[in-house]
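# Sequence and predicted structure below; questions after.
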Amino acid sequence: MSILIRKGRPEDLPEVYKLIQELAEFENAPEEVTNTVERMYEDGYGPNPCYSLLVAEENHIITGIAIYFIKYSTWKGRGLYLDDIVVAKEHRRKGIGRQLFNEVVCEAARLNAYTMHWQVLDWNNSAIEFYKRYLCSFENDWVDCKLTRQQILSFAKK
């Protein structure tokens, strides 16, 4: 079976969303998904797109996705942030994740990115071992920080 890696299209979003929900289940956080297909359409294909999407397709069935966006570093300049790679459970161990990751790396090169970043959960040993094959650096000296939508709105009102 041949796997096709291609740019995602708006009509792919319902299947993409199912994979996002599958990822949330895998990470034991299904209640954390508040995104919607409609918001993904607006955010990715509306007047101000803020993410890009690759899909892996086998026999016209979406079996995996990679979602990424441009970031900027005051020290390094343009970078690419890989938000997620998801491969459907029944399609893992076929090299789909590797193909998606390789295509994102190629996209970083095409975009003239000076860095590429992503996160991996510290308990996801198979993903950590996968990324080690790319000789990437694992940084332990940075602490992730975030604000929720409610916190953003609360502070924005002040």
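It's in. Residues are numbered from 1 along each chain as shown.
# which residues in the chain form helices?
13-26, 37-45, 96-110, 125-132, 149-156 (DSSP state H).
# and the longest one, how far from the chain's centre?
Between the mean C-alpha point of helix 96-110 and the mean C-alpha point of its chain there is a distance of 11 Å (Cα atoms, centre = their mean, to the nearest Å).
# Contacts for it next, please.
3, 5, 52, 54, 56, 58, 63-66, 68, 79-80, 82, 85, 87, 116, 130, 134 (Cβ atoms under 8 Å, 6 or more residues apart in numbering). Any C-beta I mention is one placed from the backbone N, CA and C, and that applies to glycine too.
# Swap in 6 Å and give it another go.
With Cβ atoms under 6 Å, 6 or more residues apart in numbering as the test, helix 96-110 has contacts from 3, 5, 54, 56, 63-64, 66, 68, 80, 82, 85, 87, 116.
# can you list those in TSV and add neighbour count, distance to residue 36 and pLDDT?
Below are the contacts of helix 96-110 laid out as TSV (neighbours: other Cβ atoms under 10 Å; distance: Cβ to Cβ, whole Å; pLDDT from 0 to 100):
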residue	neighbour count	distance to residue 36	pLDDT
3	17	28	94
5	17	25	98
54	20	21	98
56	27	23	98
63	23	22	98
64	24	21	98
66	26	20	98
68	25	20	98
80	23	25	97
82	19	22	98
85	24	21	97
87	23	22	97
116	20	28	97
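# Which of those fall in strands?
Mapping these onto strands (DSSP state E) picks out 5, 54, 56, 63, 64, 66, 68, 80, 82, 85, 87, 116.
# For stretch 15-22, buried residues please.
15, 16, 17, 19, 20 (16 or more other Cβ atoms under 10 Å).
# can you redo the helices of the chain as a markdown table with distance to residue 140?
A markdown table is the format used below for the helices of the chain (distance: least, Cβ to Cβ, whole Å):
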| stretch | distance to residue 140 |
| --- | --- |
| helix 13-26 | 24 |
| helix 37-45 | 31 |
| helix 96-110 | 22 |
| helix 125-132 | 13 |
| helix 149-156 | 26 |
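# Distance to residue 142 and mean pLDDT for the ones you listed - can I get that in CSV?
Shown next, in CSV, are the helices of the chain (distance: least, Cβ to Cβ, whole Å; pLDDT from 0 to 100):
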stretch, distance to residue 142, mean pLDDT
helix 13-26, 23, 97
helix 37-45, 26, 98
helix 96-110, 20, 97
helix 125-132, 16, 92
helix 149-156, 20, 91
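# Perfect, I'm done here.
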